[in-house]
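Enquirer: Build me a model:
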Amino acid sequence: MDLNDRRQLPLFSIGTVQKLTGLSARQIRYYEEHELIQPARTSGKQRQFSFADVERLMLIRQWLDEGHNMAGVKRNFEEMERRRAHPKDSQKKDLSDTEVYKWLEREMLGTQSKSSESLFQGDLSRFYRKR
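Expert: Below is the predicted model:
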């Protein structure tokens, strides 16, 4: 069993999770109703939370404390999931003006290979000053 599998094991009762997160039972049930967490259930229908569930609840609390509303919290989780699914997209960095000028010069002089995609494509607006 690897670490990720262990993080998903349902171990904690709602009372323990309340102590760990500082949230009330009503808040925890509310977040479950909004499908932000999906705790496992025992045969007696009691919720059992994993380490991963506790971490998500702590993130929810942090974001709410920072002023996000529920829609913002859901967006944050969607963005996290998108980044996890497409790690290359989240690693793209913005180029500085100097780097953009160098790329432009290479492309205009034809020194860049034809098979590579332009890194500044669609970013020419930064060359025009608003007057």
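
Enquirer: Walk me through the domains of the chain.
Expert: Following automatic domain parsing, one gets these domains for the chain: 3-90, 97-127.

Enquirer: Just the mean pLDDT for the shortest one, thanks.
Expert: To tie it back to what came earlier, the one meant is domain 97-127. The average pLDDT within domain 97-127 is 64.

Enquirer: i'd like the first residue to be 423 from this point on
Expert: OK, 423 is where the count begins now, so the last one is domain 519-549.

Enquirer: quick revisit: tell me the most buried of the domains of the chain?
Expert: domain 425-512 (a mean of 14; mean count of other C-beta atoms under 10 Å). From N, CA and C alone the C-beta is placed, and that goes for glycine too.

Enquirer: now the strands: where do they sit in this structure?
Expert: 462-463, 469-470 (DSSP state E).

Enquirer: Ok, which of those strands comes nearest Leu445?
Expert: Leu445 sits nearest to strand 469-470 of all the strands of the chain, at 12.8 Å, using C-beta to C-beta.

Enquirer: Pairing partners for that closest one, with directions?
Expert: strand 462-463 (antiparallel) (DSSP bridges).
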